[in-house]
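Colleague: Let me see the structure of the following:
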Amino acid sequence: ITCKDAYYEPLKRMRDNGRFENTPVMGVAGNFRLSEFQASIALINLKQFDSHQNHRRNMAQHYIDYLQQLEDEGVIKLPHEVSNNGIVKGNHTYHLFVIKLLKHDVQKIISKMKVMGVGCTPAYGSLVSDLNMGSEPETTQYPIARDITNNLLALPMSQFMSREMVMIAIESLIKCLSED
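Modeller: Next up is the predicted model:
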């Protein structure tokens, strides 16, 4: 699960209820197996997956269409599908709609959006290197990864959002970015 020996035991414990081989149970952990009830809910959700996925992709395209000008002005960076010679490879799930803020502070924008009634979050705010892994010195830094995560903002995204909800988020973001 990792190529760093110092991370192996803590990560394995985290994955397996705090257990590691024949040692006492300890630390932050979880049981990531599904119960029968959870599996039945997942099966129902899988039947709706394609329609939910298509709806999220439509909402993402709405965001892209209305925020493209901010990218053209160098204010934000929008997500783009990976392509090979103009042919899209795969389908983005858009479980989050993440933009990179190029000139604004993510936390300030989150606060302003909250006042406007729109919930946003930092996207991928914690790095594995932020976790205390025991014997590994806490001085390990990953400045490029930190810089990227500090500038990413997750806008509201859900298969249950309407176009009107996306427009409220778009208009609020544009207003927040123009005030700063």
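Colleague: Can you find the helix or strand of the protein with the lowest average pLDDT?
Modeller: Every helix and strand of the chain was ranked by mean pLDDT, DSSP states H and E. The lowest is strand 87-88, at a mean of 66.
Colleague: partners of the helix or strand just after that strand, with directions?
Modeller: Proceeding C-terminally, strand 87-88 gives way to strand 97-101 as the next helix or strand, assigned by DSSP states H and E. Applying DSSP bridges, strand 97-101 is found paired with strand 76-77 (antiparallel), strand 152-155 (antiparallel).
Colleague: Could you give the average pLDDT over whatever helix or strand comes next after strand 97-101?
Modeller: Per DSSP H and E, strand 97-101 leads on to helix 106-115 as the next helix or strand towards the C-terminus. Helix 106-115 carries an average pLDDT of 95.
Colleague: Please list the residues outside helix 106-115 that contact it.
Modeller: Defining contact as Cβ atoms under 8 Å, 6 or more residues apart in numbering, one finds that helix 106-115 is touched by 101, 119-122, 150-153, 169, 172-173, 176-177, 179-180. Heads up, the C-betas are built off the backbone N, CA and C, glycines and all.
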